[in-house]
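In: could you work out the structure for the sequence below:
(one chain, ligands or ions: 1)
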Amino acid sequence: MIKFNVSVFLIVIACLLGESALATEGDPIVKSGVADLRNANLKLTTTPLNGEWAFTWNKLIDPSAVTPVNNYIHLPQLWNGNQLNGQLLTPQGFGTYQCIVLLPVNRGPLAIRLPDFYSSYSLYINGIYFTGNGTPATTPAGYTPHWLSKTLVLPANADTLQLVLQVANFSHAKGGIKKEILIGDYDQLQFQRDKWIATDFLLAGCLFMGGLFFFSLFLFGKNDKATLYFSLFSMVYSYRIVGSNFYALHSVFPNLPWEITTRLEYFTLFSSILLFLKYVCELYPKDIYKPITRLLGTFCLVVSITPLVTPPLFFTRIINPFLLLMFFCIAYVLFVFLKAYFCKRAGATFALISIAVLMMVMFIINLEYFGIIIPAREVVFIGYVLFFFLQSLILSFRFAHTLQLAKDQAVEGLRAKSEFLSTMSHEIRTPLNSVIGMTHLMLKNNPRKDQREQLDVLLFSGSNLLSIVNNILDYSKIEAGKITFEHIEMDVPHILHNIVSGAKNSVFEKGIKLHLSLPEQSLPIVMGDPTRLTQVISNLLGNAVKFTQEGKVTLELKVAGHDKENIKLSFFVHDTGIGISKEKQEVIFEQFTQADSTTSRGYGGTGLGLAISKKILELQGARLQLNSEEGKGATFYFTQNFQMSNNSIAPLINKDKQQNDTA
Ligand code: ADP
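Out: A predicted model of the protein is given here:
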């Protein structure tokens, strides 16, 4: 990262120096009001008409009646602050610039680039009106300001051009000409202009789209205010890229009213600083110094409102104090980012690099503003892109960081919940076992008839509670990934026999039939976890008996396939009970879910049995499935793969179809 930063810095410095050298290269072209370009290669180089232009203050000279002038003013330079014949020139006023340009005799088509002047002009060439912006006049009443950069073809066949430039300003804090007037090959000038416009629109488009993206992130995300302020900052600043400096927007819409575009230009500059300050405060709230933030914020707010409510003559005046305020803001933001960096806040490294880039861009722009250098536009472009990219990185980083934090907290919460459940179930199980054990003992001690009835209820409720606690313990074990499976020899038909025998009592009480159906062939001993298999089948059979009022319940085992080492066994639990509707078939496998809210009232249970059975089977590579129709019974089934045991030979259960009916 440091390497990258250093190389960017070096590139910026190289470009900066390269361009500034160009800007100061050679003597001024215009000397005592004459630019002698007879020997210049105008096809190859673009020539700035910098130097001593003849200047008449307080007069818009008639181009057809030009008289010699002995006062000169250096261009490009604002007239305000200059002295002419001992008279201090004010920003508001009018004057005429004159220059004679001597061109080579056999020259090709040439063009002139006229930037925006403060704040209206008319240009006459050899006594004929050539072009203008707004209406220069000697009184504010007849004057209209306008800004538009123009590149126009010079009159052909003329080897001497007498330029008369009338400039007037009554509405801006600056007066005169601040940017260079250029002469050169038309195609070259036009190409340069197109390149600048395209670059500005590209940058503005990127910023605007980036701003929209972050705005939608704010709307549909966590309503993070830092994201909101950054999105507004990007969108507001995108206007500045096309609505100031080179005025790319004005070249596409040349008739935009000056009053509106100027207000927008200043408003977007002032408010973007306010938005950036707000963004930084939301980004690193723990690192700001509140009184300074409030003070700067208030200043920026007041300044931002000014272009909306005061005349241009006023708000264009506050630019210099504002620049001071802006530098103070940048220094303060640098301080906040440094603090955030040392406190190791999310994205603070990017923040620090971005502010370094921003300071570099601002430094260059201000050197240009004060006429010290003319920076390569690419430098400013790269600087802006880098700055906005780094800010986006901070926000993306912050977003990802918040998500990760939320995820970690959720995982930690789940872990704590599972741990709590398993500890509590464990703690409850121990005394519960004693209660059940004691009840058994008391039942054996010939209690009275009424006592036996009460002890039976106690035993029933205790056993019920124990099965619920066991279920919770199992579920939390599965969730925590702590469940392990035995891999020992087991005789599946024998296990099924035992389960069916265990269920006889409840079936008998309900008056329904219980049927065990085993395959005709003898089955081998297989390797597996008999406890978990018993748990799953008992749960399915228990449910089948519970939800069947008449008819029968069948436990069926089938061989689904085998090879030399493995055997696939399918287990089915059929019943003729209440059945389950199609919509409920998905949800009943989720934890604590029952098909009907009345189920727990009518049949008891917690809604955990199926979720546990499903998980136990899944962890062993089997899938619990269901066929059912409401009111027509249900069949729960699954197929599990077992490795056959090497040591034992399968006991022959019955060559004929094994039947075991219980009335
Ligand atoms: P519990 O039986 O403790 O409520 P289970 O997870 O075992 O929890 O079952 C969830 C729900 O699935 C039951 O409450 C019941 O609504 C439905 N269900 C399970 N087995 C059957 C069945 N054989 N017939 C009808 N409904 C059943």
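In: can you tell me the helix or strand for the residue nearest the centre of the chain?
Out: For the chain, Ser396 is the residue whose C-alpha lies nearest the centre (CA atoms, centre = their mean; 5.1 Å). Element membership of Ser396 [criterion: DSSP states H and E] is helix 377-444.
In: so where's the stretch 501-650 of the chain shaky on pLDDT?
Out: For the stretch 501-650 of the chain, the stretches with pLDDT under 70 are 591-605, 647-650.
In: repeat for the chain
Out: 1-27, 371, 374, 591-605, 647-663.
In: distance of the residue nearest to the centre of the chain from His426?
Out: As for Ser396, its distance to His426 is 45 Å (criterion: CB to CB, to the nearest Å). From N, CA and C alone the C-beta is placed, and that goes for glycine too.
In: repeat that for Ile468.
Out: Ile468 is 14 Å from His426, by CB to CB.
In: contacting residues around whatever residue of the stretch 301-450 of the chain ends up closest to the ligand?
Out: Nearest residue of the stretch 301-450 of the chain to the ligand (CB to the nearest ligand atom) works out as Ser425 at 15.6 Å. Neighbouring residues of Ser425 by CB atoms under 8 Å, 6 or more residues apart in numbering: Val469, Asn470, Ile472, Leu473, Ser476.
In: what subset of these is buried?
Out: Buried subset of these (neighbour count, 16 or more other CB atoms under 10 Å): Val469, Asn470, Ile472, Leu473, Ser476.
In: now, which of these lie within helices?
Out: Counting by DSSP state H, the buried ones among the contacts of Ser425 place Val469, Asn470, Ile472, Leu473, Ser476 in helices.
In: so the second one sits against Arg429, correct?
Out: Yes. Judged on CB atoms under 8 Å, Asn470 makes contact with Arg429 at a distance of 7.4 Å.
In: returning to what we had before: also within reach of the ligand: list those from the buried ones among the contacts of Ser425.
Out: Counting by CB under 6 Å from any ligand atom, nothing from the buried ones among the contacts of Ser425 sits close to the ligand.
In: and of those, the nearest to Val101?
Out: Ser476 (91.1 Å; CB to CB).
In: is that closest one in contact with Ser418, as I believe?
Out: Yes. In this structure, Ser476 is within contact of Ser418 by CB under 8 Å, at 4.4 Å.
In: ranges for the helices of the stretch 501-650 of the chain?
Out: 530-546, 582-587, 599-603, 609-619 (DSSP state H, counting those that start in this stretch).
In: before we move on, what about the stretch 151-300 of the chain?
Out: Listed in chain order, the helices found in the stretch 151-300 of the chain under DSSP H, counting those that start in this stretch are 186-220, 225-243, 248-252, 258-283, 290-309.
In: now these as JSON lines including mean neighbour count and distance to the ligand?
Out: Below are those laid out as JSON lines (neighbours: other CB atoms under 10 Å; distance: least, CB to the nearest ligand atom, whole Å):
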{"stretch": "helix 186-220", "mean neighbour count": "16", "distance to the ligand": "37"}
{"stretch": "helix 225-243", "mean neighbour count": "22", "distance to the ligand": "44"}
{"stretch": "helix 248-252", "mean neighbour count": "18", "distance to the ligand": "67"}
{"stretch": "helix 258-283", "mean neighbour count": "21", "distance to the ligand": "48"}
{"stretch": "helix 290-309", "mean neighbour count": "15", "distance to the ligand": "56"}
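In: in a markdown table: those, plus distance to Ile373.
Out: Shown next, in a markdown table, are these (distance: least, CB to CB, whole Å):
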| stretch | distance to Ile373 |
| --- | --- |
| helix 186-220 | 17 |
| helix 225-243 | 20 |
| helix 248-252 | 21 |
| helix 258-283 | 21 |
| helix 290-309 | 27 |
